[in-house]
Each structure stands twice: as C-alpha cells, then as structure tokens.
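Q: Give the three-dimensional model of this entry:
(6 chains)
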Number of protein chains: 6
Amino acid sequence: MKRLLITGAAGNLGRLARARLGHLADVLRLSDIADLDPAGPGEEVVNCDLADADAVHDLVQDCDGILHLGGVSVERPWDQIQRGNITGVYNLYEAARAHGLPRILYASSNHAIGYYRQDEVIDTTAPQKPDGLYGVSKCFGEAMASLYHSKFGQETALIRIGSCFEKPRDRRMLATWLSPDDFVRLVECVFRVPMLGCPIIWGVSDNDEGWWNTETARLIGWRPKDNSETFRAEIEAAAPCPPKDAPESVYQGGKFIAEPIYKD
Amino acid sequence: MKRLLITGAAGNLGRLARARLGHLADVLRLSDIADLDPAGPGEEVVNCDLADADAVHDLVQDCDGILHLGGVSVERPWDQIQRGNITGVYNLYEAARAHGLPRILYASSNHAIGYYRQDEVIDTTAPQKPDGLYGVSKCFGEAMASLYHSKFGQETALIRIGSCFEKPRDRRMLATWLSPDDFVRLVECVFRVPMLGCPIIWGVSDNDEGWWNTETARLIGWRPKDNSETFRAEIEAAAPCPPKDAPESVYQGGKFIAEPIYKD
Amino acid sequence: MKRLLITGAAGNLGRLARARLGHLADVLRLSDIADLDPAGPGEEVVNCDLADADAVHDLVQDCDGILHLGGVSVERPWDQIQRGNITGVYNLYEAARAHGLPRILYASSNHAIGYYRQDEVIDTTAPQKPDGLYGVSKCFGEAMASLYHSKFGQETALIRIGSCFEKPRDRRMLATWLSPDDFVRLVECVFRVPMLGCPIIWGVSDNDEGWWNTETARLIGWRPKDNSETFRAEIEAAAPCPPKDAPESVYQGGKFIAEPIYKD
Amino acid sequence: MKRLLITGAAGNLGRLARARLGHLADVLRLSDIADLDPAGPGEEVVNCDLADADAVHDLVQDCDGILHLGGVSVERPWDQIQRGNITGVYNLYEAARAHGLPRILYASSNHAIGYYRQDEVIDTTAPQKPDGLYGVSKCFGEAMASLYHSKFGQETALIRIGSCFEKPRDRRMLATWLSPDDFVRLVECVFRVPMLGCPIIWGVSDNDEGWWNTETARLIGWRPKDNSETFRAEIEAAAPCPPKDAPESVYQGGKFIAEPIYKD
Amino acid sequence: MKRLLITGAAGNLGRLARARLGHLADVLRLSDIADLDPAGPGEEVVNCDLADADAVHDLVQDCDGILHLGGVSVERPWDQIQRGNITGVYNLYEAARAHGLPRILYASSNHAIGYYRQDEVIDTTAPQKPDGLYGVSKCFGEAMASLYHSKFGQETALIRIGSCFEKPRDRRMLATWLSPDDFVRLVECVFRVPMLGCPIIWGVSDNDEGWWNTETARLIGWRPKDNSETFRAEIEAAAPCPPKDAPESVYQGGKFIAEPIYKD
Amino acid sequence: MKRLLITGAAGNLGRLARARLGHLADVLRLSDIADLDPAGPGEEVVNCDLADADAVHDLVQDCDGILHLGGVSVERPWDQIQRGNITGVYNLYEAARAHGLPRILYASSNHAIGYYRQDEVIDTTAPQKPDGLYGVSKCFGEAMASLYHSKFGQETALIRIGSCFEKPRDRRMLATWLSPDDFVRLVECVFRVPMLGCPIIWGVSDNDEGWWNTETARLIGWRPKDNSETFRAEIEAAAPCPPKDAPESVYQGGKFIAEPIYKD
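A: Numbering: from 1, shown residues only, chains lettered A, B, ... in the order given. The predicted model follows:
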C-alpha cells in the first residue's frame, strides 16, 4: 500500500500499530482526537475528531487501507460513544465510499457478544449479545460494514478483538488474549488477501483456553501462533481466582458485565 | 394496563394503533414529533422529539407499556435517522429503565435483513444484513434491546414488521404483508404473555408467499389469520410483474435495495 | 391389535385411555399398582408393581402393544421414582424383549426439558434439561428406549406429553395443553404407522401459544386439531397473570422448577 | 406465456399437465419420444428424443417456459436412463441457454433422497441419498440446474415430486401423495413468481403424514391444499399393512429400495 | 484444594488418579467398594458402597472437589449397574448438595453415544445413543448433573472418556485413546477454571484418528498433547484388522455393541 | 493389498501415484486411455477406455482396491466428460459390484462446490454448487458412490481434491494446495481404516489459508502435515495479486468460474 490510515493511533492498540506496521505501506497516516507524537519518517500525523464529517473525509483521502481503531474502547457515557463510535463510523464509511472504497479493518470487540457464558463455545454466526453501550456501538459498526459491503462492495474485516496487550493481565485474558505479534500478522493478512469480503473473525491468539470457534481466521490465511498458557503460572500467582459467580467468571464480557450506564 | 404509550402515533402504523388499541389500556398516551389530532376520551397527546432525553423521560413516566413506532421509517439522510432511531432509542431505553421497565414492543423491520434474497427462507437467528441506513438503525435498536434485557431485565418484543397496510400494494407485499387485524392481535399478544423476554418475531400475516420462518410467533401465542392471497388477482392486474433482476424482485428488502445514501 | 397393555391405568391419563381406546384392540389389559375398577367387557385388570420384574414379565405376555403410562408422574422422593420409573422401565423393556418386542408408546414428559426458557422454541434434538428427579427419570426412559431400539429393534414412540386434561388449568397450559381427543388420535397413529422407529414427538395440541417445534408429529401422521385458545378467556378470568419472574413464567417446566428434592 | 413446452407429455404426469395447464400459455408445445394424441386447439405436438441435441434445440425455440417431465421416471437399465436423464438434461439446458433462458420446472424426485428413513424429517438441504440409478440421474439434474443458474442465470424450480396420482395407491403414498390439483397450482406458482432462482421444493400435498419439511414452498407462494388423509380408510382397507422391516416401510424411497440394477 | 475425593479409587483409572493427582489437594480421600491399599501420606482411605446414602453423605463431607470414577464401568447385570451408577449417582449429588456443592468431575463415557457410526463426526450436542445398560446409566448421570446444575448451581464436568490406558490396546483405541498424561492435565483443568458450569467434554487425546469434535475442551483450557499415532505400527502388527462389518469396526461403541443384556 | 488399481495413471496425479504408492500393494495395476510407460517390477499396465463396460469389467477383476483418478479432470466438451466421468463411473461401480466390492478412492473435486465464495467456510454437508460440466460430473460421481454404498455396501472415500502439485502455482492454490506427501498419506489412510463407509473428505494440506472445514479427515486418521505458507513469498513475488472481483478471487472454483461450455 501507498498509504495506510490508522485511526485511534494514540490508544493502546494504535501505538502498537504505529510501532509495528510501518512495513505495510509507504506512509502511515496516524490520526487521533488526542495528541500524537510528531510524525517520524514515513508517517503523517493528523488530529481528527471522527464526529467531524469533513475532517474524516479529508483524513481518508489518498489512503489505500484503513485500520480503524479509533473511537471509544470502554464503557463511557452515551454521548461520547455516540460521537466516536456511531457518528464516527458513519463518517468513516461515507469517506471511504467517496474515496474509492479502501479496504477497512474494523476493530470490533468481544463485547458485541459479552453476554454469552464462559461455559459455551460460539462461532461468528451466533446472534449478538452486547454487554454495554460500547458493545452496542460495535454491533452498530458491524451492521454498517455489512451494509456498505452489500450495497457498494466496500470490504471490511470485522475483527472481534479479545484483549491485546503485551501479556494477559488477569484470569479472563487467558481466554481472550491477542498477542501483539499475532495482531501484527492479522493486520498483514487482512491487507494481503485478494478478496476479503466482510467476514467476522475472532481476534484472539492460539490460547489453550477459549470460547470462540476461530474457523474463519483461515479465510484470510491468519494462523495465530502465541498462547496465553505461557503466562498462566504468573497470572495465577498474581491474583486469587475470582469466585465462580463473579461477572468476570460467568460471562464472556468479563468485568464489562458489571459496568453501569455512565452518565456525563 | 393503565397507560400504554404509543410513539410515532402520527405515522401510518401509529394512526392505526391509535384507532384500534384503545381496549388495551385505560389511557393511550400518544406521542409524535409531528402534530397529532387532539386527544379524545381515554387519550393523552404529547408532542415529543425522541432526541430530547428529558422529554422522553417525562413521556415514559407512568406508562405500563410502550408501543415504539416512533422515529424514521424509511431511508433518509443520516442525521434524521440518527436523531430518531439512534439517540431516540437510547433515550427511550434509559427512560424505561428509570421508570420501572415497562414492556416495550419495538418496531424493527425486515430492512434489518433486506439483503437476503427472495429465493431463500431465513429464520430469526440469521445474521443481520441491513439494506440501508434505516436498516442499520434497526439493527442498532435490536442490539440496544438485547443489552437492556441482559443487563436490566427490560423486556422487548423485537417485531420485524413486513408491510402493514390495509392491503398489499405491490407484488413484493404479497410476501411481506401484515394485515391491520393481525397487527392488532400481535400487539395484544405481546402485552398479554406473562414472560416475554426479548424475542425476535416476524410481523407478517399468514401469507401463502413468504421468506420467513415464523416459528417464534408461537412464543407469544400469536397466530396471524390473514392472507395476502386474497389480493393477488387485484395486485397482478394493477401492475406488470417486475423483471426478475430488479432489486424489488431479487432481495427481500425490495425497493430499499436501490435507495442511495441520502444527503441533507 | 389383539391385546393392548395400558400401564398406569388408574392415573389421570390411564383412566382416559381406558375409556377411549377400547377400539384399538380386542382386549385392553389394564394395569396399575393402585386399585382399578373391575374389568368390563374386553378388559383385563392386573394389579402390578412395575418394580417386580416377574410380575412385569407376566404382564407383557401376549400383548401386541404397550401404552406405558405407569410409574410416578410428579416430583416424589427418589425411592418412589426409582422404583416406578427406573427399575420399572428396565423391567418393562426386558419383558418386551422376551415377548416379541410389542410396540411401546412411552409417556415421556416436557419435564425432561423443563429448564428451557419460555422465550425460546426448541425441537426434539435439543439436549435434555430435566427440571426434577421425575424429569431425570424421563431422560433415563428415553435413553433406555434408544438402546433397545438400536440393539434389538424394539420400537418406541417417545411422547413428551405436555398437560393432558379436559381443558387447560392455568396460564402455562395454554402452551402445553394436550386435549383428550388429540391424545386419543395420537395413540391411534402410533399403533397404526407401519414403521415407527424410536422418534421423539411433542404430545401437545395445536395451540396458538407454544414453545415446541412439532415437526416430528408428521412422522406418524398425527395432526393435532384442538387449540387451547378456546379456553383463554376462561383461564385469564380465573387467575391473575403470574409475575414474569415466577418459575411458572420463566421456564417451560413451570411449577416443577420450584419443587424441592423430596425426602421420604 | 406465449408458449409453454411440456416434455414427457405422453406420460402419466404429462397427460395431466396437458389436460390441465392450457390456461398458462397461448400454446402448449407437447413433446415426447412416444406417440402423442394429435394436437388440439392451442397445442403443438412434437415427437422428440431428448438425447438428440439438435432436436431438443429446435424443440425449445420460441418457448417462454419449460415443464420438464421428460425422460425415464422409474428404474431402468442404465443406457435408457443415461439417454433420457443425463444426455437429455444436458441437451435441454444447452437449448435453453441458446434460446434466452426460459424458466424451467424440473421434475426431480424423492428418489434423489430415497435412502433416508421414514422415521426422520429432512429438509431440502439434507445431502442427497439416491435409491437407484433413476435417483442418481435426478441428483445429476439438480447439479446441472445449479450450474446453469450460477453461471448463466438460468432459473429452475427443482421440484422433488412425491407421488402424483388421482389418489394415493398404497400406504407409503399417504406420506408422498401430490394431488393433481396441488400439482396444477404448483406449476402456476413456479411460472408466476417474479424471481425464482433455483430452489428445491418438495412436490407433496398437505398430508397429515410426511417426512419432509415443506418450508421452501412458500418461496413461490404455493400452499398445497389436499390431504391424503381423505383416502386413508380406503387404502388401509385395500391392503394389509406392510411389515415394519419391508423396504417400503423403512426407507423414504419405498419399493425403489428393493429394485436391482437392471440390465438390458 | 484441601481435600479431593476420588471415588472408584481401586479401579484402573482410580489407581492412576491416586498415583498422579496428589498435587491437586492437601489430602486425597480415596474410596471404593473394593479393597484399597493402605493410606499413604496425604491420603485417606474409605471403604464405601455408593448405594449407601448415609455412607456417601459422610464420604463427601469436607471435600472441596470430587473425581467421580466410582460405580460399574462395563456391561454388567442391571442390578449392579443400578446400585453403582443410578442409586450411587443420586446419593453422590445429594451428598454434594448437603456439603456445599463441591465441584464434580463425572466420568461419563463414549458408551453414552456408542451407536453412532465410525464414519461420522459428532459433537457434544448430538442426541445420546447408548450402547448398553452401562451407557444408559451414563446418560442418566449426565441428566442428573444437568438437573443439579440448573436447580442448585452444582458444577460438573461431564467427561465422556474414551479409553484411558498406558497405550492403546486395539485398532479402535487409536481413535478413542486418552493418555494418562492427558487425563492428569484434564483433571487439573477441571478444578482450575474459575467457572465450570456443566459442559460435556470428550476425554480423548490429540489422536490423528477420531470421531469427535473436541471443541469444548477449550472451555476449560485443556489441550491434549498425546497422539495414539505413536502406537499405530505396534497395534497393527499385533492384531489383524477386524472386518469392516464387525461391531467394533462399525459403531463408535466398539465391542460393547455386541454385548448382551447380562443376567445375574 | 494384493493388487491396487490406479485409473488415470497417465495423468498428473496418476504419475505421482504410480511413483509413490508401490508399497500399498503387491501389484499396482495401472490404467489409462493414454499411453503409459511400460510396466516395471510389481506393475501391470492396461490400456483401457472407461466408457467400455467390458474393458472396465476386466480391469477391476482381481483388484483389492481402486484409486480412481481416471476420466476428464478439466472443463471439456460434454461428450468427453460424459464418456469418462459419467459412463465411466457407472462402468466402474458395476465392475466393482461384480468383483466383490473392492474399496474405492474416488477423486472428486472442489469444482463440485466451486460457486461458494472465498469469504465463506463450508463443510462437507454444504449443498453442491458445481462450477462447470466437470464439476457436475463430480457431483454425479458422489451420488453414484452414495447409491452403491447404501444399496450394496460398496465403500468409497469421496476425496474432494484441491490442487495437487509439487508446490502451489498461484495465489488461489495457497488455499487449495494438497502436497504430494499429504496425498500419499491420504491414500494410505483410506486403504488402512477398518471401516470406511462413504465419507466426503477435503483433499487439502494443512494450509494457513483455506475455506474448508476439514473435520472429516479424522475419520480415516489422516492429518495433513504440509502448509502452502512455505511458498507464499515465492508465489506473491511471481505474480501480481489478481483483482478482488476476478473470478479466481471471488469464488472457490477459481478460474473454472470463467470457463465457457466447450463445444467439440
């Protein structure tokens, strides 16, 4: 690619992407509503509010691919979620439509299905069960991507990311961990496959523990290689096992289950 | 019920509901952003913009049930859809949560799945395939209802309405028609069943032609009785058969498939 | 048939069977552990404890068909259930094997799946979820019937009976009611079809309300004709609607959900 | 339609079609390899061997629709089946492709799935299990129709016909009977629906007894109205019940199960 | 755990558990109806008949976990199976309920589904097809575990064990082998996962050959590591291949298929 | 085996089989309609037209197993496909029936399902969607094998071969590649398993990229070991990525999608 846009580049995953994905394009265009480090070689830095349609229109121009990590990524008051994850997603898809339909990797989330229980295995066709307003916004994004694929041929990889950190941080992440290396390979695969369509793919490493049938990963030739098991002893030593009826034990969404509706 | 709220009471379906559902509650509270006829006996009339959170809060107070027909019901520019069908739905569910979780009938739509083809039968677990921004907003509403059910116990009947008119108006409606009488009985059933949960139910009459497995209707004891076949000769005489590759012939969403993204 | 054995003939369903099924065989052999009215014309009366293997052996001799209604039909202390529904079922199948494999209609129960919710539709392949010791014993009976079919060719109709009374007695029975007339036709069909196999069939009338996909009824040519809807007004007038979180509202097993484990 | 081609017009079903379908087109073009009665008003009669590509090419010319009943309809030596049902089907689809893709109703057969048992319900997606060379040829025809639909847009209704006679002729036909009236309505529906695609539909009446989930019939607006139950008493009086392990009792294909491979 | 109860500790699997699972608890309480070796350090030895409710009550007291291997594990006369596997299971679950619901690993068996064929892959939701009285008793145990989970929150891992020996002993065990090491890891996983629920998991190693979709193993973080393929040459050299129509070749239950009903 | 027949031995796969499968039988009988290299030690060479029933009858005599690679393996005019793949398959199965039902490995093809899209994962029960006359002939072969299995007990492994070459030759083959080593092991497994039945198995290596659920491979103990990923860099360097809407990008059948119907 000539230019890959990374939205949400100031966030946890965005910083990782910035540091690791330079080889995918001549230029990384990095965007966030928050401040970003100055542009290095092969980088462009753009401050952009996703809720600003014109700004997003300009942001997408001349990009061959979009790694859409932007917006709110935890439970927040509705207005914030609506601005970043509803209005922002509409703006992004309209901008992409205006600029030749560059392929999009949309960071969806396990919180779109967080109310499934941890004693059941689901695949990507299981009806959504969001666990908060954030999860609802991710369901919305998946629907928007589906529409633009059906109607305009816009391709999107709907990646339901588990928990992407250097290493798992608690018991639940033994099941949901996505290693940075696996994340990088995943992005490579999404932008490499000749025809992508609009598949839903679990963004999760090859962990011994898990709740998700990862079969669709093969559609893009992605085979995760890391395994949270490496960190089990460390995790189990660091924290007592949560009780079996704690939300983080019962539902796939973990602690999000116990979150309230936040007010401004 | 003591008081049933009907939103969108000035619309096509709202007027029908107003005329036919007085027996369901002591008082019908009728609301719309458009002008409504003055309140008759057993009626309250409230002018309300669903995007106004405080107004919706007041609107829902003292209601035992909500027939949510409000918002935009066709393709429109995004801002209109977002105000009515996104912000409005969030406001409605928050108001319901604040006021004791009155049962909701949410008017979802076949346009949440409009990109399925007319040569396939689907059931309510088929992944959504919205056919426009309106359809996307309906997917959003279904996700919001799911969240409030999982997290707070809010009950909602997600009724994917076909085409509710006095009689079918074109070839496609032979498959999607919901007769007014069947609609009335459907609403009765939703507010009568002891435990509702949050099921998806096709809002469609007992037509000979159809694309939807209507099995979940039995969950609420609803058995539609009317059949569009009665009107076939009339319909076929009135209009030539559309070509087999016209959008209205190919996809379940009909003419919505050919709709553009509207701009203000 | 020359001789049809009806076990549990002193029970509610057994008395109905005795009164209505005389046309199915030259002789009805009626059996119960409780006292039975004296044999009328075309009847034989046998007092029999199903836990007595020798007695059951004799009971089955010379029978062409068995309507197995015997055993415990509600929650009871384990010893009673084990005697009637575990030991008794083993004895019955061994006796049938010794006497030429007469076809069996086994009265299974919705309580074998009572922990499914009333807002979901299930079919006969859904994994069992018994709601009490009685329900567990019915799961056992279905497994035993499967074994004898696979291994010896013994045919059994596994009829998961809803609620068979003259008319529905409460709100839940609007969904589970099996009319006596439909029951009689069901028995006729079971003993009439050339090849029965070992299918699971919901024993429920053609009620508007329901939770069960009744597709397998067609395997034996049984089309129920009655509808609990006839009695809805009467039922609803007689009793207030139970709260939506009462066991009888939430789970398909109704009041059995709230039953304890009984001790002698 | 201006001209409807009916192949196999000298056969049982063909004669029925000739007598009953004149209202569907200005002209019925009737074809068979066997002799046909002389053309009446609105009829054309063509003697044609389906294995003769040129003849089939001419036969299809100027036709708006094709009711393909031609070929062999029972077990026969392979050469006969290959000529009529393999070569013949290829010739027919090539002729249709050459002449504007007139819609085709292809008479497939329950013998494409005859090795399913009579104690199981199947739908149209169940993998084929043919019960003879005839059944294999019908699987072939379904595959050919699928190809021409995918590649060229040729529409075909794949009707898996049960047993179409004035009334059922034996016990098995209580499950498989297709009444002549229902057949006529079925053909009307196939040629009436705006977009047909290439669906598989069971050609069976609304019989109480049956093994097939008939859901796809609604795709074309066909609701069968007749019921073999009307004839049950007559059938049962006429013939003793076959033993439960006779082929006609065990498998859906009935007596075809016991047929050998015929040699010339 | 402070104390892990192992029932059936004198059996094949029980001796393995005793030797290998000492690290899971401060104390292993070992129980059997047969004689056991004297208690070593960190061990308690209890002679117990599972059919004796009071004895089982005492046995379970003070235990944090139960590895239930006890009862009959092959085809035996019904009375033996009923005592150990029916009455015994009821007694165990009642004792667990009385003593704070310690987590249970229930040794179910492939013989609960033994009548599936070796040319089909099944998952844990496939309806049971037991292959003998022993298999029926395992179906019963699974139903009992389901009840106690639904009603009381009792957690059970339903492990359908294949063939747990040092190495496979015949051709069939190439598909069903569970290595001792994998068994040990499996038990560790069951007692380690924060929330277990009541899942069914195939107890089988990572063999090249197999009939079971092992997806649910990930629910507890168990990834078997051994592979029967290591022993294939040895097995094939030792015994001729059984004929393809021998029970051990046709059905997943192997030689159990050919077992009779044993009488005392 | 004493004698393994390999049909199509002069073709690409046939030559590979000839070179690599000598250890499976005392004698390899090699057959083709084209010229073959002279017989080496342990080889018999037979020139045979599969459309010649008598010749095929003789060919199969005295064989214990058949690796059926013969017939046409690409799009060709119908007459050629019919001779080799229709008539030839009938002749082969009749010959096998006459000679004791030697086990058959039938080389089916991904072109039997070529019209599925590359953004969906399918398993072996997905309805066929052939992508050409060749694919239709493979659907025919699968149906014929099913018939002979149901009716006569003839066992066949229906191997839907992807692309068997030394290494992948284009982008699509990264998903469809079957390595020669994996092919050899596959054939070994087919002729080694005690009971084969008539399963459909994807003939594809353990590639990172893929569209097929390979679960049934375990039925015969086959675990492919090679991975096209080894060759990705080489492939991608050699050829530009095809456009996402090229047939070879969109459909699983690749370039076959764009093939016409060939005429002689």
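Q: now the helices for the stretch 1-150 of chain A?
A: Taking DSSP state H, counting those that start in this stretch as the test, the helices found in the stretch 1-150 of chain A are A:12-20, A:53-60, A:78-81, A:88-98, A:133-152.
Q: Check the stretch 151-264 of chain A too.
A: Counting by DSSP H, counting those that start in this stretch, the helices of the stretch 151-264 of chain A are A:173-176, A:180-192, A:232-238, A:247-250.
Q: hang on, A:Q252 packs against A:Y116?
A: Yes. Here A:Q252 reaches A:Y116: they are 4.9 Å apart, a contact under C-beta atoms under 8 Å. Placement of C-beta: from N, CA and C, glycine included.
Q: As TSV, the helices of the stretch 1-150 of chain A with mean pLDDT, mean neighbour count and distance to chain D would be great.
A: Compiled in TSV, the helices of the stretch 1-150 of chain A are given as follows (pLDDT from 0 to 100; neighbours: other C-beta atoms under 10 Å in any protein chain shown; distance: least, C-beta to the nearest C-beta, whole Å):
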stretch	mean pLDDT	mean neighbour count	distance to chain D
helix A:12-20	97	18	40
helix A:53-60	98	19	35
helix A:78-81	98	20	40
helix A:88-98	98	23	27
helix A:133-152	98	25	17
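Q: returning to what we had before: which one of the helices of the stretch 151-264 of chain A lies closest to F:L67?
A: When the helices of the stretch 151-264 of chain A are compared by C-beta to C-beta, helix A:180-192 sits nearest F:L67, at 35.8 Å.
Q: Pull out the buried positions in the closest one.
A: A:P180, A:D182, A:F183, A:V184, A:R185, A:L186, A:V187, A:E188, A:C189, A:V190, A:F191, A:R192 (16 or more other C-beta atoms under 10 Å in any protein chain shown).
Q: and which of these is nearest to E:K263?
A: So of these, ranked by how close each gets to E:K263 (C-beta to C-beta), first place is A:D182, at 59.3 Å.
Q: any idea how far A:D64 is from the closest one?
A: For A:D182, the distance to A:D64 equals 23 Å [C-beta to C-beta, to the nearest Å].
Q: repeat for A:R218
A: Separation of A:R218 from A:D64 (C-beta to C-beta): 25 Å.
Q: Compare these two and say which is more crowded by neighbours.
A: More crowded of A:R218 and A:D64, by other C-beta atoms under 10 Å in any protein chain shown: A:R218, with 21 against 18.
Q: What residues does the stretch 51-200 of chain A have near chain B?
A: Within the stretch 51-200 of chain A, the residues that sit near chain B (C-beta under 8 Å from any C-beta of the partner chain) are A:78, A:82, A:86-87, A:90, A:94, A:97, A:112, A:115, A:125, A:127-133, A:135-136, A:139-140, A:143-144, A:146-147, A:150-151.
Q: residues touching the closest residue to chain B within the stretch 151-264 of chain A, list them.
A: Chain B sits closest to A:I261 of the stretch 151-264 of chain A, with a gap of 6.9 Å, by C-beta to the nearest C-beta. Shown in contact with A:I261 (C-beta atoms under 8 Å, 6 or more residues apart in numbering or on different chains): A:W78, A:L133, B:E94, B:R97.
Q: Could you measure from the last one over to B:K151?
A: If I follow you right, that is B:R97. Using C-beta to C-beta, B:R97 is found at 9 Å from B:K151.
Q: For A:K2, grab the count of nearby residues.
A: Neighbour tally, A:K2, other C-beta under 10 Å: 10.
Q: So it sits against A:A25, correct?
A: Yes. In this structure, A:K2 is within contact of A:A25 by C-beta under 8 Å, at 6.2 Å.
Q: so what's in contact with those two at the same time?
A: By C-beta under 8 Å, 6+ apart, the residues touching both A:K2 and A:A25 are A:D64.
Q: Could you report the pLDDT at the nearest residue to A:P260 once chain neighbours are set aside?
A: Closest residue in space to A:P260, ignoring its immediate chain neighbours: A:E75 at 8.0 Å, by C-beta to C-beta, 6 or more residues apart in numbering or on different chains. As predicted, A:E75 sits at a pLDDT of 97.
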